[in-house]
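*Asks:* how would this look folded up:
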Amino acid sequence: MNYKHILVALELTDESKVLIDKATYLAKLTNAEVSFIHIDGSHGEIYPEVVDLQADTNHPPFGEHTIEQIRAFESYSSVPVKRILMGTGDLADKLAATIEENDVDLLLCGHHHDFWSKIVSYSKHLVDSSPVDILVVPI
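*Replies:* Here you go, the predicted structure:
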């Protein structure tokens, strides 16, 4: 398949670089655009909208440290990043609308191989709710 827009679901850890590397590799092969999404689920849904940091300079409700971490991932990418989408709540709940609004045709996310991930797989939740192809990368 020839993908046109790859959306990378990032956590704010260095492990996300594995996902960025995979996305840039695929983007170069298929001439696709790459966008990032980070949904902070640690405090629930305190802000219902998904914000594009490339277009919105206000950055509610994100702290400066979070913005710096996301911008560091943008700098790390070897291809231009079209959109940097951020929000709060549950990523799976925001996927369908975000994917449709941004014409995404591939979602790329990571999966940890640890004890807790064997009990509760967040990746499975994403797979069940993704309206497009999804690539789950072990990290």
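*Asks:* Name the SS class of residue 84, please.
*Replies:* strand (DSSP: H, G, I helix; E, B strand; the rest coil).
*Asks:* wait, residue 84 sits on residue 75?
*Replies:* No. Assessed by C-beta atoms under 8 Å, residue 84 is found out of contact with residue 75, at 11.5 Å. Yep, even glycine has a C-beta here, placed from its N, CA and C like the rest.
*Asks:* So for those two, which sits in the more crowded spot?
*Replies:* residue 84 (21 against 8; other C-beta atoms under 10 Å).
*Asks:* give me every residue that touches the nearest residue to the more buried one once chain neighbours are set aside.
*Replies:* Once flanking residues are discounted, residue 84 sits nearest to residue 53: 4.1 Å by C-beta to C-beta, 6 or more residues apart in numbering. For residue 53, the contacting residues are 59, 67, 70, 71, 84, 85, 86, by C-beta atoms under 8 Å, 6 or more residues apart in numbering.
*Asks:* Make TSV from the residues you listed and add pLDDT to it.
*Replies:* Shown next, in TSV, are those (pLDDT from 0 to 100):
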residue	pLDDT
59	64
67	89
70	94
71	94
84	95
85	94
86	92
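*Asks:* Show me which of these are buried.
*Replies:* 70, 84, 85, 86 (16 or more other C-beta atoms under 10 Å).
*Asks:* which two from those residues end up farthest apart in space?
*Replies:* Greatest spatial distance among the buried ones among the contacts of residue 53 (C-beta to C-beta): 70 and 85, at 9.8 Å.
*Asks:* shared neighbours of those two, anything?
*Replies:* 36, 38, 53.
*Asks:* so where do the helices sit in this protein?
*Replies:* 16-30, 64-76, 91-101, 115-119, 122-129 (DSSP state H).
*Asks:* Run the chain-centre distance for the longest one.
*Replies:* Taking C-alpha atoms, centre = their mean, to the nearest Å, one finds the center of helix 16-30 at 12 Å from the center of the full chain.
*Asks:* tell me the mean pLDDT over that helix?
*Replies:* Taken as a whole, helix 16-30 has a mean pLDDT of 97.
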